[in-house]
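Enquirer: No sequence on hand, only this structure:
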């Protein structure tokens, strides 16, 4: 599966924004103590730029994505460091032909100045999709020739998988640690977060019995997620 198939399954801009915010909230509750330097795997930045919010995924392997939400629409950039479509698969480095060639000019600033972990001498992008405010669907570059020997050559399926499925069971499966004694977060509590309902003490406790409610709610407010009083 490539970004072409992923784009066909991405939800509307508003739904995608809500799903990104919900996943960031779940990450806060499930892992209340962020990694060194305050970095989390998933983040939602309601004021990343002026009148622009953004969602990010950053893995320990250096992969990740940036999804930008603006008045002009939304832009999704994914980077799989091990992809044969990495800019560093070429000398000198350059984006894979066709991936970025048709991105509308209104999104150019976010390619030029991405977050630090996607910043380099060339855009760190192996998969890209966009949808302007007037579009009825997500779009991708038309002229991409994918490496034929790879089932998921651009990493899009792995990076964007949780954004495609509204079923809380998908999140539970993705987050379940086979070595852990429990079966992962309860689906009902995940469903509350997916619906952007204010998280109560009971819901937070169900998601993570060890999460300090006051500290968690302070972080949830920072990402604009509603919290019960």
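Expert: Good, I have the coordinates. This structure is a prediction, so every number in the text was calculated from the model and none was measured.
Enquirer: State the distance from residue 158 to residue 217.
Expert: 31 Å (Cβ to Cβ, to the nearest Å). C-beta: built from backbone N, CA, C; applies to glycine.
Enquirer: Residue 10 now?
Expert: Distance from residue 10 to residue 217, by Cβ to Cβ: 30 Å.
Enquirer: can you check residue 86 too?
Expert: Taken as Cβ to Cβ, the span from residue 86 to residue 217 is 39 Å.
Enquirer: tell me the phi and psi of residue 134?
Expert: phi -90, psi -10 (degrees, to the nearest 10).
Enquirer: List the contacts of it.
Expert: Shown in contact with residue 134 (Cβ atoms under 8 Å, 6 or more residues apart in numbering): residue 73.
Enquirer: Could you list every helix and strand that the helix or strand of the chain with the lowest mean pLDDT packs against?
Expert: Using mean pLDDT, DSSP states H and E, helix 168-175 stands out as the lowest-scoring helix or strand of the chain, at a mean of 88. Using 3 or more Cβ pairs under 8 Å, 6 or more residues apart in numbering; DSSP states H and E as the contact test, the elements touching helix 168-175 are helix 13-30, helix 156-164, helix 187-194.
Enquirer: go again using 7 Å as the cut-off
Expert: On a contact count with 3 or more Cβ pairs under 7 Å, 6 or more residues apart in numbering; DSSP states H and E, helix 168-175 meets helix 156-164, helix 187-194.
Enquirer: Any chance of the ones you listed in CSV with mean pLDDT as columns?
Expert: Putting these into CSV (pLDDT from 0 to 100) gives the following:
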stretch, mean pLDDT
helix 156-164, 95
helix 187-194, 94
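Enquirer: I'd like these written out as JSON lines, with mean neighbour count and distance to residue 207 added.
Expert: Formatted as JSON lines, the helices and strands packed on helix 168-175 follow (neighbours: other Cβ atoms under 10 Å; distance: least, Cβ to Cβ, whole Å):
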{"stretch": "helix 156-164", "mean neighbour count": "20", "distance to residue 207": "16"}
{"stretch": "helix 187-194", "mean neighbour count": "20", "distance to residue 207": "5"}
